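Provided below are the primary sequence and the corresponding predicted coordinates.
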2 protein chains.
Amino acid sequence: MDEKLTRDKVDGIVHAAQRRFASFGYSKVTMDEIAEDVGMAKASLYYYFPTKEAIFRSVVQYEQQEFLTQANGVLQQKSAADLKLLEYVRLRLKLTQRLNNLSHFHQQGWHEIKPIFNDLFATFVEHEIRCVLHILQEGKKTGEFQLEHPQKTASMILHVLQGLRMRFLRGEDQQAGNEPDRLLFEQETLHFTSTVLHGICKCK
Amino acid sequence: MDEKLTRDKVDGIVHAAQRRFASFGYSKVTMDEIAEDVGMAKASLYYYFPTKEAIFRSVVQYEQQEFLTQANGVLQQKSAADLKLLEYVRLRLKLTQRLNNLSHFHQQGWHEIKPIFNDLFATFVEHEIRCVLHILQEGKKTGEFQLEHPQKTASMILHVLQGLRMRFLRGEDQQAGNEPDRLLFEQETLHFTSTVLHGICKCK
DNA sequence: TTTTCGACTATTTTACCAATATAGTCGAAA
DNA sequence: TTTCGACTATATTGGTAAAATAGTCGAAAA
């Protein structure tokens, strides 16, 4: 019973923090504000989390876990490999959009949080590579795909996805969802994906 | 005759500046230093260039022009379209490497120079799109390529190229050519290019 | 025993100002 | 026409005090 209550408290904190971070970015949120949102004194937060960074990490982890759950759902489903890849990328676009807000990545936001969740990010990327690799190898096995270095191709795809994201993060005045740019980013990402799938050369 | 001498002076300044910028980055180079390198007093520089930024722009423009010249050479040559694209990308990798040093893009370097040559960059991208589009349409005409939206594909390719560059610029301690990362970046870029060319799906 | 919090400390960020450094100007001289 | 020494204006830096905020601790509430 204790467990349950504690988990509720933790979840409440993470949720409150998530909303604050999404609105104002990591550095512009104070522990006092989070505490007030959740109806506690600041000191009480430190009963559940050792540092502010730990809270932020939990927020990110929460998003990543949810994504991986959904991604595994896509991997399990019985559809063609190319559709799976597309679906995976679409899912990833959603995650990207959510994470983008967490610390106002544009301007300097990225540098202030990079050290905080560098490791989180690294292990997440490994999970991602495993997902994409799984799709590629499955497609290869069923004869749908033809490729020589699935490992390298998987990491290339993910690097491009990250790169495109960064490329479109550069516009400075994009606060809370610059629609035209976001749309262009998503179109381009999907266009990349289908181009990788089908190539542009005629003969094979 | 006057013309010739003036051009020599201008070239000397641009060259000296180029070397300084490549070693120390835009903000860490003073007009006095450039002047000394070229054997003039600082005030004399202002006879040839209105501002420091103008010098920097000239340096960038010089690199870009040289690249475009070589790129046009590639476009003219009589080879298959896929090879042309690969060659274009290889050329572009070289340009990238040169520009990367000009203002220590990593850390904050990028922000300080962005406004300076935003417009230069914009028109350069247009040239690039024209180049890639040219290759794509030529390939389409000869029946080598099969693609529906050459325009969109061209801009996608260039966005990915920019994105990959940014993706690999992130490592913080990469002063003056972190070899392993640079190599990975170039491999990945070329892998992307050939994947776009041939796709990974078996059937067409 | 577990959880909360008020009051406290330590550390970081901000605000400000003087000192320095550097971009850019100007008129005279080569 | 071109160069430069001496000048001004502007931006950067260094240092410091004030303010904000992360994080601690022991006592009280549950």
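All right, it came through fine.

Let me see the contact set for the nearest residue to A:Val89 once chain neighbours are set aside.
Counting by C-beta to C-beta, 6 or more residues apart in numbering or on different chains, A:Thr193 is the residue found nearest to A:Val89 once chain neighbours are left out, at 4.8 Å. In this view, the C-beta of every residue, glycine as well, is placed from N, C-alpha and C. Contacts for A:Thr193 (C-beta atoms under 8 Å, 6 or more residues apart in numbering or on different chains) come out as A:Leu85, A:Leu86, A:Val89, A:Ile157.

The nearest residue to the last one once chain neighbours are set aside and DNA strand D: what is the separation?
Distances taken as C-beta to C-beta, 6+ apart place A:Val132 nearest to A:Ile157, at 5.8 Å, with adjacent residues excluded. In this structure, A:Val132 and DNA strand D are separated by 35 Å, where distance is defined by C-beta to the nearest atom of the strand, to the nearest Å.

Who are the contact partners of A:Val132?
Contacts of A:Val132 were listed using C-beta under 8 Å, 6+ apart, and they are A:Leu85, A:Tyr88, A:Ala154, A:Ile157, A:Leu158.

Over to A:Arg90?
A:Leu190.

the inter-axis angle of the helix or strand where the residue nearest to A:Val89 lies versus helix B:179-198?
Under the assignment given by DSSP states H and E, the secondary-structure element containing A:Thr193 is helix A:179-198. Relative orientation of helix A:179-198 and helix B:179-198, computed by axes from the mean of the first three to the mean of the last three C-alpha atoms, to 10 degrees: 70 degrees.

List the buried residues of helix A:179-198.
By neighbour count, and taking 16 or more other C-beta atoms under 10 Å in any protein chain shown as the criterion, the buried residues in helix A:179-198 are A:Arg182, A:Phe185, A:Glu186, A:Glu188, A:Thr189, A:His191, A:Phe192, A:Thr193, A:Thr195, A:Val196, A:Leu197, A:His198.

Give me the buried positions along stretch A:58-69.
Applying a neighbour-count criterion of 16+ other C-beta under 10 Å, the buried positions in stretch A:58-69 are A:Ser58, A:Val59, A:Val60, A:Glu63, A:Gln64, A:Phe67, A:Leu68.

Could you tell me which residues of chain A lie near DNA strand C?
Among all residues of chain A, those adjacent to DNA strand C (criterion: C-beta under 7 Å from any atom of the strand) are A:Asp2, A:Leu5, A:Thr6, A:Lys9, A:Gly39, A:Met40, A:Ala41, A:Lys42, A:Ala43, A:Ser44, A:Tyr47, A:Tyr48.

confidence score at the second one?
Put plainly, it is A:Leu5. Per-residue pLDDT puts A:Leu5 at 81.

Now the phi/psi pair for it, please.
Reported as degrees, to the nearest 10, the phi and psi values for A:Leu5 are phi -60, psi -50.

Now do A:Lys141: how many residues are near it, please.
The local packing count at A:Lys141 equals 10, with neighbours defined by other C-beta atoms under 10 Å in any protein chain shown.
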